[in-house]
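Q: Can you look at this prediction? I've put the sequence above it.
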Amino acid sequence: MSSESTLRTVGEHIELDVGDDIASSPRYNEDIAPTRAEQRTWNKWNVAALWVGMAICVPTYTLGGVLTAYFGLSVTEALWTILIANVVVLIPLTLNAYPGTKYGIPCPVVLRASFGIIGSNVPALIRAVVACGWFGVQTLFGGIAIHLLLSALIPAWANLGGTGEVLGFFIFWVANITVVIRGSESIKHLESLAAPLLLIVAVGLIVWALPKVSISEVLATPANRPEGAPLIGYFMAGLTAMVGFWATLSLNIPDFSRFAESQRAQIAGQIIGLPLTMLLFSGLGVLLTAASMDLVGETISDPVNLVGRIDSTPWVVLSMLMIILATISTNTAANIVSPTNSFQNIAPRHISEARGVLITGVIGILLMSWELLQKLGWLDTNVSLESLYSNWLIGYSSLLGPIAGIMVVDYFLIKRQSYDLIALYKDNAAYPAWNRAGMIAFLVPVALTIVAITTGRLSWFYTYGWFTGSILGGLIYYFVARGERSAT
(Lines give C-alpha, C1' and ligand atoms only; values in the text may rest on other atoms or scores of the structure.)
Protein backbone atom coordinates (compact mmCIF):
# COMPACT_ATOMS: atom_id res chain seq x y z
CA MET A 1 0.00 0.00 0.00
CA SER A 2 1.54 3.31 -1.09
CA SER A 3 1.89 6.19 1.36
CA GLU A 4 1.06 9.83 0.71
CA SER A 5 3.45 12.71 1.40
CA THR A 6 2.51 15.06 4.24
CA LEU A 7 3.56 18.49 5.49
CA ARG A 8 4.21 19.74 8.98
CA THR A 9 5.25 23.08 10.44
CA VAL A 10 8.45 23.24 12.51
CA GLY A 11 8.82 26.75 13.90
CA GLU A 12 8.85 29.08 10.87
CA HIS A 13 9.78 26.22 8.52
CA ILE A 14 7.59 23.90 6.45
CA GLU A 15 8.89 20.34 6.46
CA LEU A 16 8.00 17.60 3.97
CA ASP A 17 7.60 13.97 5.02
CA VAL A 18 8.15 12.15 1.74
CA GLY A 19 5.72 9.41 0.81
CA ASP A 20 5.70 6.97 -2.09
CA ASP A 21 3.86 9.47 -4.31
CA ILE A 22 6.84 11.85 -4.32
CA ALA A 23 9.59 9.27 -3.86
CA SER A 24 8.53 7.71 -7.16
CA SER A 25 8.07 11.03 -8.98
CA PRO A 26 10.41 11.82 -11.91
CA ARG A 27 10.74 15.35 -10.49
CA TYR A 28 12.31 14.24 -7.22
CA ASN A 29 15.58 13.01 -5.81
CA GLU A 30 17.03 13.25 -2.31
CA ASP A 31 19.57 15.95 -3.24
CA ILE A 32 16.97 18.51 -4.35
CA ALA A 33 14.41 17.44 -1.72
CA PRO A 34 13.41 20.02 0.93
CA THR A 35 15.89 20.20 3.79
CA ARG A 36 14.74 18.84 7.13
CA ALA A 37 14.80 20.80 10.38
CA GLU A 38 18.04 19.16 11.55
CA GLN A 39 19.77 20.29 8.35
CA ARG A 40 18.86 23.96 8.82
CA THR A 41 21.87 24.84 10.96
CA TRP A 42 23.30 27.97 9.33
CA ASN A 43 23.16 30.97 11.69
CA LYS A 44 23.78 34.58 10.66
CA TRP A 45 27.54 34.20 11.11
CA ASN A 46 27.62 31.13 8.86
CA VAL A 47 25.71 33.11 6.20
CA ALA A 48 28.03 36.11 6.67
CA ALA A 49 31.07 33.81 6.40
CA LEU A 50 29.63 32.41 3.17
CA TRP A 51 29.58 35.92 1.69
CA VAL A 52 33.02 36.86 2.99
CA GLY A 53 34.38 33.66 1.48
CA MET A 54 32.68 34.33 -1.85
CA ALA A 55 33.42 38.06 -2.04
CA ILE A 56 37.17 37.83 -1.32
CA CYS A 57 38.37 36.54 -4.67
CA VAL A 58 40.48 37.63 -7.62
CA PRO A 59 37.60 39.09 -9.73
CA THR A 60 36.46 41.25 -6.76
CA TYR A 61 40.04 42.52 -6.42
CA THR A 62 40.01 43.65 -10.06
CA LEU A 63 36.55 45.33 -10.03
CA GLY A 64 37.91 48.80 -9.29
CA GLY A 65 40.28 48.50 -12.23
CA VAL A 66 37.48 47.23 -14.49
CA LEU A 67 35.30 50.23 -13.62
CA THR A 68 38.10 52.74 -14.20
CA ALA A 69 39.46 51.11 -17.36
CA TYR A 70 36.25 50.03 -19.11
CA PHE A 71 33.52 52.25 -17.64
CA GLY A 72 35.23 55.65 -17.45
CA LEU A 73 34.89 56.17 -13.69
CA SER A 74 37.40 57.71 -11.31
CA VAL A 75 38.71 55.58 -8.44
CA THR A 76 36.42 57.25 -5.91
CA GLU A 77 33.42 56.95 -8.23
CA ALA A 78 34.26 53.29 -8.82
CA LEU A 79 34.34 52.46 -5.11
CA TRP A 80 31.02 54.26 -4.50
CA THR A 81 29.53 52.36 -7.43
CA ILE A 82 30.63 49.02 -5.96
CA LEU A 83 29.15 49.86 -2.55
CA ILE A 84 25.83 51.09 -3.97
CA ALA A 85 25.56 48.10 -6.32
CA ASN A 86 25.96 45.65 -3.46
CA VAL A 87 23.38 47.44 -1.34
CA VAL A 88 21.00 47.31 -4.32
CA VAL A 89 21.60 43.60 -4.95
CA LEU A 90 20.83 42.84 -1.30
CA ILE A 91 17.15 43.46 -2.10
CA PRO A 92 16.60 40.55 -4.52
CA LEU A 93 19.08 38.42 -2.55
CA THR A 94 17.13 38.64 0.71
CA LEU A 95 13.69 38.47 -0.95
CA ASN A 96 14.49 35.45 -3.13
CA ALA A 97 16.06 33.73 -0.12
CA TYR A 98 12.65 33.67 1.64
CA PRO A 99 11.10 30.61 -0.05
CA GLY A 100 14.35 28.68 0.33
CA THR A 101 14.38 29.33 4.08
CA LYS A 102 10.67 28.65 4.61
CA TYR A 103 10.34 25.51 2.50
CA GLY A 104 13.95 24.25 2.40
CA ILE A 105 13.95 24.04 -1.41
CA PRO A 106 16.75 24.85 -3.87
CA CYS A 107 16.53 27.44 -6.65
CA PRO A 108 15.33 25.19 -9.52
CA VAL A 109 12.41 23.97 -7.40
CA VAL A 110 11.51 27.58 -6.50
CA LEU A 111 11.53 28.35 -10.24
CA ARG A 112 8.96 25.59 -10.85
CA ALA A 113 6.34 27.82 -9.20
CA SER A 114 6.77 30.70 -11.67
CA PHE A 115 8.06 28.99 -14.84
CA GLY A 116 6.40 25.58 -14.62
CA ILE A 117 7.66 22.12 -13.68
CA ILE A 118 9.47 21.70 -17.03
CA GLY A 119 9.81 25.40 -17.87
CA SER A 120 11.96 25.93 -14.76
CA ASN A 121 14.83 24.38 -16.69
CA VAL A 122 15.07 27.46 -18.96
CA PRO A 123 16.07 30.02 -16.27
CA ALA A 124 17.90 27.36 -14.25
CA LEU A 125 20.16 26.42 -17.18
CA ILE A 126 20.77 30.07 -18.11
CA ARG A 127 21.99 30.56 -14.55
CA ALA A 128 24.02 27.34 -14.77
CA VAL A 129 25.94 28.34 -17.92
CA VAL A 130 27.24 31.59 -16.44
CA ALA A 131 28.19 29.73 -13.23
CA CYS A 132 30.16 27.19 -15.25
CA GLY A 133 31.96 30.06 -16.99
CA TRP A 134 32.85 31.71 -13.69
CA PHE A 135 33.92 28.32 -12.35
CA GLY A 136 36.39 28.10 -15.22
CA VAL A 137 37.69 31.65 -14.63
CA GLN A 138 38.16 31.10 -10.89
CA THR A 139 39.78 27.71 -11.46
CA LEU A 140 42.21 29.40 -13.83
CA PHE A 141 43.22 31.88 -11.10
CA GLY A 142 43.49 29.05 -8.57
CA GLY A 143 45.65 27.07 -10.97
CA ILE A 144 48.04 30.01 -11.36
CA ALA A 145 48.29 30.25 -7.55
CA ILE A 146 49.08 26.53 -7.30
CA HIS A 147 51.73 26.93 -10.03
CA LEU A 148 53.37 29.82 -8.15
CA LEU A 149 53.17 27.91 -4.86
CA LEU A 150 54.87 24.85 -6.36
CA SER A 151 57.41 27.07 -8.12
CA ALA A 152 58.38 28.58 -4.74
CA LEU A 153 58.71 25.13 -3.16
CA ILE A 154 60.21 23.28 -6.16
CA PRO A 155 62.38 25.61 -8.31
CA ALA A 156 62.32 23.17 -11.24
CA TRP A 157 58.52 23.52 -11.42
CA ALA A 158 58.89 27.18 -12.43
CA ASN A 159 60.51 26.04 -15.69
CA LEU A 160 57.21 24.50 -16.76
CA GLY A 161 55.75 27.99 -17.40
CA GLY A 162 52.28 27.82 -18.95
CA THR A 163 52.24 24.04 -18.73
CA GLY A 164 52.66 24.35 -14.95
CA GLU A 165 49.66 26.70 -14.83
CA VAL A 166 47.55 24.21 -16.78
CA LEU A 167 48.58 21.40 -14.42
CA GLY A 168 47.70 23.73 -11.51
CA PHE A 169 44.30 24.31 -13.12
CA PHE A 170 43.47 20.60 -12.99
CA ILE A 171 44.84 20.16 -9.45
CA PHE A 172 42.62 23.03 -8.34
CA TRP A 173 39.68 21.60 -10.31
CA VAL A 174 39.89 18.32 -8.38
CA ALA A 175 40.05 20.16 -5.03
CA ASN A 176 36.88 22.15 -5.82
CA ILE A 177 34.92 19.14 -7.02
CA THR A 178 35.89 17.17 -3.91
CA VAL A 179 34.61 19.84 -1.50
CA VAL A 180 31.17 20.10 -3.12
CA ILE A 181 30.62 16.36 -3.46
CA ARG A 182 31.11 16.12 0.34
CA GLY A 183 27.92 18.20 0.83
CA SER A 184 26.57 21.42 2.37
CA GLU A 185 28.20 20.92 5.79
CA SER A 186 31.58 20.70 4.05
CA ILE A 187 30.91 24.07 2.38
CA LYS A 188 29.72 25.62 5.66
CA HIS A 189 32.87 24.53 7.50
CA LEU A 190 35.12 25.67 4.65
CA GLU A 191 33.54 29.14 4.56
CA SER A 192 33.67 29.48 8.37
CA LEU A 193 37.37 28.59 8.31
CA ALA A 194 38.20 30.74 5.30
CA ALA A 195 36.42 33.98 6.27
CA PRO A 196 38.62 35.08 9.24
CA LEU A 197 41.83 33.91 7.53
CA LEU A 198 41.00 35.84 4.38
CA LEU A 199 40.26 39.01 6.34
CA ILE A 200 43.65 38.66 8.09
CA VAL A 201 45.41 38.29 4.74
CA ALA A 202 43.61 41.35 3.37
CA VAL A 203 44.76 43.42 6.36
CA GLY A 204 48.29 42.08 5.92
CA LEU A 205 48.36 43.13 2.27
CA ILE A 206 47.21 46.64 3.24
CA VAL A 207 50.01 46.91 5.81
CA TRP A 208 52.49 45.72 3.17
CA ALA A 209 51.34 48.27 0.59
CA LEU A 210 50.62 51.39 2.69
CA PRO A 211 54.25 52.62 2.99
CA LYS A 212 54.51 52.60 -0.81
CA VAL A 213 51.36 54.49 -1.76
CA SER A 214 49.34 57.55 -0.82
CA ILE A 215 45.68 56.68 -0.34
CA SER A 216 44.63 60.28 -0.96
CA GLU A 217 46.51 60.33 -4.28
CA VAL A 218 44.95 57.02 -5.34
CA LEU A 219 41.45 58.23 -4.49
CA ALA A 220 42.11 61.44 -6.42
CA THR A 221 42.92 59.53 -9.62
CA PRO A 222 40.73 61.18 -12.29
CA ALA A 223 38.31 59.44 -14.61
CA ASN A 224 39.39 58.57 -18.17
CA ARG A 225 36.05 59.55 -19.75
CA PRO A 226 35.90 62.58 -22.09
CA GLU A 227 36.24 65.87 -20.25
CA GLY A 228 32.85 67.38 -19.44
CA ALA A 229 30.96 64.14 -20.13
CA PRO A 230 28.05 63.70 -17.67
CA LEU A 231 28.68 61.14 -14.95
CA ILE A 232 25.22 59.55 -14.90
CA GLY A 233 25.56 57.40 -18.04
CA TYR A 234 28.94 56.01 -17.02
CA PHE A 235 27.77 55.47 -13.45
CA MET A 236 24.62 53.59 -14.47
CA ALA A 237 26.54 51.34 -16.89
CA GLY A 238 29.07 50.56 -14.16
CA LEU A 239 26.32 50.07 -11.59
CA THR A 240 24.53 47.61 -13.87
CA ALA A 241 27.75 45.63 -14.35
CA MET A 242 28.46 45.55 -10.61
CA VAL A 243 24.91 44.45 -9.81
CA GLY A 244 25.43 41.82 -12.50
CA PHE A 245 28.42 40.52 -10.52
CA TRP A 246 26.07 38.99 -7.93
CA ALA A 247 22.89 38.92 -10.04
CA THR A 248 23.59 35.22 -10.44
CA LEU A 249 23.41 34.61 -6.68
CA SER A 250 20.24 36.71 -6.38
CA LEU A 251 18.56 33.87 -8.31
CA ASN A 252 20.05 30.81 -6.67
CA ILE A 253 20.34 32.14 -3.11
CA PRO A 254 17.68 29.55 -2.09
CA ASP A 255 20.40 26.94 -2.69
CA PHE A 256 21.98 28.28 0.54
CA SER A 257 19.08 29.86 2.43
CA ARG A 258 17.45 26.40 2.54
CA PHE A 259 20.04 25.62 5.23
CA ALA A 260 19.45 28.84 7.26
CA GLU A 261 17.98 28.43 10.74
CA SER A 262 15.62 31.41 10.26
CA GLN A 263 14.69 34.31 7.98
CA ARG A 264 16.38 36.64 10.46
CA ALA A 265 19.63 34.65 10.10
CA GLN A 266 19.69 34.79 6.29
CA ILE A 267 18.85 38.52 6.20
CA ALA A 268 21.33 39.57 8.90
CA GLY A 269 24.07 37.33 7.52
CA GLN A 270 23.78 38.78 4.02
CA ILE A 271 23.76 42.37 5.28
CA ILE A 272 26.81 41.72 7.47
CA GLY A 273 28.75 39.73 4.91
CA LEU A 274 28.27 41.27 1.47
CA PRO A 275 28.46 45.08 0.95
CA LEU A 276 31.43 46.00 3.13
CA THR A 277 33.47 42.95 2.13
CA MET A 278 33.02 43.82 -1.54
CA LEU A 279 33.92 47.47 -0.95
CA LEU A 280 36.99 46.74 1.16
CA PHE A 281 38.47 44.01 -1.05
CA SER A 282 37.87 45.87 -4.31
CA GLY A 283 39.36 48.96 -2.63
CA LEU A 284 42.37 46.86 -1.67
CA GLY A 285 42.72 45.90 -5.31
CA VAL A 286 42.82 49.55 -6.36
CA LEU A 287 45.35 50.32 -3.62
CA LEU A 288 47.69 47.42 -4.42
CA THR A 289 47.51 47.98 -8.17
CA ALA A 290 48.55 51.60 -7.60
CA ALA A 291 51.35 50.49 -5.29
CA SER A 292 52.58 47.65 -7.51
CA MET A 293 55.03 49.85 -9.45
CA ASP A 294 56.88 50.74 -6.24
CA LEU A 295 56.48 47.25 -4.79
CA VAL A 296 57.67 45.13 -7.72
CA GLY A 297 58.68 47.57 -10.49
CA GLU A 298 55.63 47.30 -12.77
CA THR A 299 51.86 47.81 -12.66
CA ILE A 300 50.11 44.49 -11.93
CA SER A 301 46.34 44.31 -11.44
CA ASP A 302 46.25 40.58 -10.68
CA PRO A 303 46.91 39.78 -6.97
CA VAL A 304 48.13 36.26 -7.73
CA ASN A 305 50.98 37.46 -9.93
CA LEU A 306 51.64 40.47 -7.67
CA VAL A 307 52.12 38.33 -4.57
CA GLY A 308 54.14 35.85 -6.63
CA ARG A 309 56.70 38.62 -7.19
CA ILE A 310 57.47 39.00 -3.46
CA ASP A 311 61.13 38.18 -2.86
CA SER A 312 60.49 35.89 0.10
CA THR A 313 59.72 32.19 -0.30
CA PRO A 314 57.89 31.80 3.07
CA TRP A 315 55.62 34.80 2.33
CA VAL A 316 54.92 33.60 -1.22
CA VAL A 317 54.02 30.11 0.06
CA LEU A 318 51.75 31.50 2.82
CA SER A 319 50.10 34.02 0.49
CA MET A 320 49.49 31.47 -2.24
CA LEU A 321 47.93 29.07 0.25
CA MET A 322 45.57 31.86 1.32
CA ILE A 323 44.73 32.76 -2.29
CA ILE A 324 44.05 29.09 -3.06
CA LEU A 325 41.77 28.89 0.00
CA ALA A 326 40.02 32.12 -1.03
CA THR A 327 39.41 30.91 -4.55
CA ILE A 328 38.15 27.49 -3.45
CA SER A 329 35.75 29.12 -0.97
CA THR A 330 34.39 31.35 -3.75
CA ASN A 331 34.27 28.72 -6.43
CA THR A 332 32.59 25.96 -4.48
CA ALA A 333 29.78 28.14 -3.15
CA ALA A 334 29.19 30.59 -6.00
CA ASN A 335 29.92 28.52 -9.09
CA ILE A 336 29.35 24.81 -8.46
CA VAL A 337 26.33 24.46 -6.15
CA SER A 338 23.91 26.31 -8.46
CA PRO A 339 24.63 24.51 -11.76
CA THR A 340 24.75 21.20 -9.90
CA ASN A 341 21.17 21.72 -8.71
CA SER A 342 20.14 23.04 -12.13
CA PHE A 343 21.44 19.97 -13.96
CA GLN A 344 19.69 17.69 -11.47
CA ASN A 345 16.44 19.56 -12.13
CA ILE A 346 16.49 18.37 -15.77
CA ALA A 347 16.20 14.70 -14.83
CA PRO A 348 16.37 14.16 -11.05
CA ARG A 349 16.01 10.38 -11.37
CA HIS A 350 19.10 10.14 -13.57
CA ILE A 351 21.33 13.06 -12.50
CA SER A 352 22.50 12.85 -8.88
CA GLU A 353 24.40 15.57 -7.04
CA ALA A 354 27.72 13.87 -7.83
CA ARG A 355 26.88 13.70 -11.55
CA GLY A 356 25.70 17.32 -11.52
CA VAL A 357 29.02 18.40 -9.98
CA LEU A 358 30.99 16.50 -12.63
CA ILE A 359 28.89 17.99 -15.47
CA THR A 360 29.59 21.46 -14.06
CA GLY A 361 33.31 20.73 -13.89
CA VAL A 362 33.52 19.42 -17.45
CA ILE A 363 31.64 22.42 -18.88
CA GLY A 364 33.94 24.73 -16.89
CA ILE A 365 36.96 23.08 -18.55
CA LEU A 366 35.41 23.42 -22.01
CA LEU A 367 34.58 27.12 -21.53
CA MET A 368 38.18 27.83 -20.47
CA SER A 369 39.73 25.56 -23.11
CA TRP A 370 40.82 28.52 -25.26
CA GLU A 371 42.85 29.97 -22.36
CA LEU A 372 44.34 26.60 -21.43
CA LEU A 373 45.37 25.98 -25.04
CA GLN A 374 46.91 29.45 -25.14
CA LYS A 375 48.97 28.71 -22.01
CA LEU A 376 50.19 25.50 -23.62
CA GLY A 377 51.25 27.51 -26.67
CA TRP A 378 48.78 25.73 -28.95
CA LEU A 379 46.53 28.76 -29.60
CA ASP A 380 47.11 32.50 -30.05
CA THR A 381 44.35 34.97 -29.09
CA ASN A 382 44.15 38.59 -27.93
CA VAL A 383 41.02 38.10 -25.80
CA SER A 384 41.70 39.16 -22.20
CA LEU A 385 39.90 37.67 -19.22
CA GLU A 386 39.11 41.16 -17.85
CA SER A 387 37.36 42.27 -21.04
CA LEU A 388 35.62 38.90 -21.25
CA TYR A 389 33.99 39.04 -17.85
CA SER A 390 33.36 42.82 -17.89
CA ASN A 391 31.32 42.35 -21.09
CA TRP A 392 29.85 39.10 -19.81
CA LEU A 393 28.59 40.84 -16.67
CA ILE A 394 26.44 43.32 -18.57
CA GLY A 395 25.22 40.83 -21.16
CA TYR A 396 24.23 38.16 -18.70
CA SER A 397 22.75 40.56 -16.15
CA SER A 398 20.27 41.60 -18.83
CA LEU A 399 19.13 37.94 -19.04
CA LEU A 400 19.10 37.32 -15.29
CA GLY A 401 17.27 40.53 -14.33
CA PRO A 402 13.84 39.39 -15.59
CA ILE A 403 14.20 36.06 -13.74
CA ALA A 404 14.90 37.83 -10.44
CA GLY A 405 11.91 40.15 -10.91
CA ILE A 406 9.61 37.26 -11.79
CA MET A 407 10.70 35.21 -8.74
CA VAL A 408 10.07 38.08 -6.30
CA VAL A 409 6.68 39.01 -7.78
CA ASP A 410 5.53 35.39 -7.94
CA TYR A 411 6.37 34.54 -4.32
CA PHE A 412 5.28 37.75 -2.61
CA LEU A 413 2.46 39.11 -4.79
CA ILE A 414 0.99 36.17 -6.72
CA LYS A 415 1.52 33.19 -4.40
CA ARG A 416 1.50 35.42 -1.28
CA GLN A 417 4.34 33.45 0.34
CA SER A 418 2.47 30.16 0.05
CA TYR A 419 3.60 27.26 -2.16
CA ASP A 420 1.99 23.85 -2.60
CA LEU A 421 5.21 22.10 -1.64
CA ILE A 422 4.04 18.58 -2.52
CA ALA A 423 2.85 19.71 -5.97
CA LEU A 424 6.28 21.22 -6.75
CA TYR A 425 7.67 17.68 -6.93
CA LYS A 426 4.96 16.21 -9.17
CA ASP A 427 3.70 16.41 -12.74
CA ASN A 428 0.22 17.78 -12.11
CA ALA A 429 -2.23 20.58 -12.81
CA ALA A 430 -1.40 22.58 -9.66
CA TYR A 431 1.78 23.79 -11.38
CA PRO A 432 1.72 23.40 -15.18
CA ALA A 433 4.60 21.94 -17.15
CA TRP A 434 5.15 25.39 -18.68
CA ASN A 435 3.89 28.54 -16.94
CA ARG A 436 2.80 30.89 -19.72
CA ALA A 437 3.06 34.01 -17.53
CA GLY A 438 6.65 33.25 -16.57
CA MET A 439 7.79 32.52 -20.10
CA ILE A 440 6.15 35.68 -21.53
CA ALA A 441 7.57 37.85 -18.75
CA PHE A 442 11.03 36.43 -19.43
CA LEU A 443 11.00 36.41 -23.24
CA VAL A 444 9.79 40.00 -23.76
CA PRO A 445 12.78 41.64 -21.96
CA VAL A 446 15.14 39.16 -23.65
CA ALA A 447 13.69 40.08 -27.07
CA LEU A 448 14.18 43.77 -26.33
CA THR A 449 17.77 43.06 -25.29
CA ILE A 450 18.44 41.22 -28.57
CA VAL A 451 16.94 44.15 -30.51
CA ALA A 452 19.19 46.56 -28.62
CA ILE A 453 22.31 44.48 -29.30
CA THR A 454 21.64 43.76 -32.98
CA THR A 455 20.19 47.10 -34.13
CA GLY A 456 21.69 49.66 -31.76
CA ARG A 457 18.18 50.89 -30.95
CA LEU A 458 17.01 50.86 -27.33
CA SER A 459 20.69 50.75 -26.33
CA TRP A 460 19.72 52.04 -22.88
CA PHE A 461 17.67 48.87 -22.32
CA TYR A 462 20.80 46.75 -22.72
CA THR A 463 23.16 49.14 -20.92
CA TYR A 464 20.94 49.16 -17.85
CA GLY A 465 19.95 45.54 -18.46
CA TRP A 466 19.52 44.21 -14.93
CA PHE A 467 17.33 47.12 -13.83
CA THR A 468 15.23 47.35 -16.98
CA GLY A 469 14.92 43.57 -17.23
CA SER A 470 13.95 42.93 -13.60
CA ILE A 471 11.38 45.75 -13.48
CA LEU A 472 9.79 44.91 -16.86
CA GLY A 473 9.85 41.15 -16.20
CA GLY A 474 8.23 41.59 -12.80
CA LEU A 475 5.52 43.92 -14.13
CA ILE A 476 4.63 41.70 -17.09
CA TYR A 477 4.51 38.62 -14.86
CA TYR A 478 2.24 40.35 -12.35
CA PHE A 479 -0.34 41.46 -14.90
CA VAL A 480 -0.31 38.24 -16.98
CA ALA A 481 -0.50 36.00 -13.90
CA ARG A 482 -3.27 38.11 -12.35
CA GLY A 483 -5.15 38.04 -15.64
CA GLU A 484 -4.94 34.25 -15.83
CA ARG A 485 -6.16 33.91 -12.25
CA SER A 486 -9.12 36.19 -12.95
CA ALA A 487 -10.00 34.17 -16.07
CA THR A 488 -10.15 30.94 -14.05
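A: Nice, thanks for sending it over.

Q: Tell me, please, where in the stretch 201-350 of the chain the pLDDT is lower than the cut-off.
A: Within the stretch 201-350 of the chain, the ranges that satisfy pLDDT under 70 run 299.

Q: again, 50 this time
A: Filtered on pLDDT under 50, the stretch 201-350 of the chain yields no residues whatsoever.

Q: can you list the residues that contact the helix or strand in which M439 is found?
A: In the assignment (DSSP states H and E), M439 maps to helix 436-455. Helix 436-455 is contacted from outside by 114-116, 119, 122-123, 398-399, 401-403, 405-406, 410, 457-462, 465, 468-469, 472-474, 476-477, 480-481, 484, using CB atoms under 8 Å, 6 or more residues apart in numbering. Glycine gets a C-beta too; all of them are placed from N, C-alpha and C.

Q: Which among those residues count as buried?
A: 114-116, 119, 122-123, 398-399, 401-403, 405-406, 410, 461-462, 465, 468-469, 472-474, 476-477, 480-481 (16 or more other CB atoms under 10 Å).

Q: Go through those residues and flag which are in helices.
A: 114-115, 122-123, 398-399, 401-403, 405-406, 461-462, 465, 468-469, 472-474, 476-477, 480-481 (DSSP state H).

Q: can you pull out the strands in the stretch 1-150 of the chain?
A: 6-10, 13-17 (DSSP state E, counting those that start in this stretch).

Q: most tightly surrounded among those strands?
A: Highest mean neighbour count of the strands of the stretch 1-150 of the chain: strand 13-17, a mean of 19 (counted as mean count of other CB atoms under 10 Å).

Q: helices or strands up against that one?
A: strand 6-10, helix 75-103 (3 or more CB pairs under 8 Å, 6 or more residues apart in numbering; DSSP states H and E).

Q: Provide the strand pairings for that strand, with the direction of each partner.
A: Next to strand 13-17 in the sheet, as set by DSSP bridges, lie strand 6-10 (antiparallel).

Q: now the strand it pairs with and helix 75-103, what's the angle there?
A: In terms of direction (axes from the mean of the first three to the mean of the last three CA atoms, to 10 degrees), strand 6-10 departs from helix 75-103 by 120 degrees.

Q: Enumerate every residue touching the residue lying closest to R112 once chain neighbours are set aside.
A: Of all residues not flanking R112 in the chain, S120 sits nearest, at 4.4 Å (CB to CB, 6 or more residues apart in numbering). Counting by CB under 8 Å, 6+ apart, S120 touches P108, V109, L111, R112, N345.

Q: how does it look with 6 Å?
A: Residues in contact with S120 (CB atoms under 6 Å, 6 or more residues apart in numbering) are P108, L111, R112.

Q: before we move on, what about A49?
A: E191, S192, A195.

Q: Could you single out the nearest of these to L318?
A: For the contacts of A49, the minimum distance to L318 (CB to CB) is 17.5 Å, reached by A195.

Q: helices and strands around the strand or helix carrying that closest one, which ones?
A: Assigned by DSSP H and E, A195 belongs to helix 184-209. Contacts defined by 3 or more CB pairs under 6 Å, 6 or more residues apart in numbering; DSSP states H and E place helix 184-209 against helix 44-55, helix 275-296, helix 313-330.

Q: swap the cut-off to 7 Å and go again
A: With contacts taken as 3 or more CB pairs under 7 Å, 6 or more residues apart in numbering; DSSP states H and E, helix 184-209 sits against helix 44-55, helix 162-181, helix 275-296, helix 313-330.

Q: buried stuff in it?
A: Neighbour counts over helix 184-209 (16+ other CB under 10 Å) mark 184, 187-188, 190-192, 194-195, 197-198, 201-202, 205-206, 208-209 as buried.

Q: again with stretch 359-377
A: Neighbour-count burial for stretch 359-377 [16+ other CB under 10 Å]: I359, T360, G361, I363, G364, I365, L367, M368, E371, L372, K375.

Q: Please tell me I have it right and the second one contacts C132.
A: Pointing back at T360 there. Yes. T360 is within contact range of C132, at 5.7 Å (criterion: CB atoms under 7 Å).

Q: can you confirm A354 is in a strand?
A: No. Assessed with DSSP: H, G, I helix; E, B strand; the rest coil, A354 is helix; it does not lie in a strand.

Q: That one: what's its closest spatial neighbour, skipping adjacent residues?
A: That would be I181: by CB to CB, 6+ apart, it lies 5.5 Å from A354.

Q: Select, out of the helices and strands packed on helix 184-209, the one closest to K415.
A: For K415, the closest of those is helix 44-55, at 24.2 Å, according to CB to CB.

Q: tell me the angle the closest one makes with helix 313-330.
A: Using the same axes, to 10 degrees: helix 44-55 against helix 313-330 is 110 degrees.

Q: For helix 44-55, the averaged confidence score.
A: For helix 44-55, mean pLDDT is 89.

Q: in it, what counts as buried?
A: K44, W45, N46, V47, A48, A49, L50, W51, V52, G53, M54, A55.

Q: so the third one sits right up against L190, yeah?
A: In this case it means N46. No. The criterion here is CB under 7 Å, and N46 misses it with L190 at 11.1 Å.

Q: separation between L239 and L83?
A: Distance of L239 to L83, computed by CB to CB, to the nearest Å: 10 Å.

Q: Compare the two (neighbour count), which wins?
A: Between L239 and L83, counted using other CB atoms under 10 Å, the more crowded position is L239 (22 against 18).

Q: who's in contact with the more buried one?
A: T81, I84, A85 (CB atoms under 7 Å, 6 or more residues apart in numbering).

Q: Setting aside sequence neighbours, what's the nearest residue to the first one?
A: Closest residue to T81 in three dimensions, ignoring its sequence neighbours and counting by CB to CB, 6+ apart: G238, at 4.7 Å.

Q: Check the second one too.
A: Across the structure, with CB to CB, 6+ apart as the measure, the residue nearest I84 apart from its sequence neighbours is L239 (6.4 Å).

Q: part of a helix, is the one you found?
A: Yes. Looking at L239 with three-state DSSP, it is inside a helix.

Q: burial count for V304?
A: 23.

Q: and the gap between it and A326?
A: Note on V304: its distance to A326, by CB to CB, is 10 Å.

Q: quick one on the thing from earlier: torsion angles phi and psi at the residue nearest to R112?
A: Taking degrees, to the nearest 10, you get phi -60, psi -20 for the backbone angles of S120.

Q: pLDDT at it, what is it?
A: 97.

Q: cool, and the one 10 residues further on?
A: Looking at V130, its pLDDT stands at 83.
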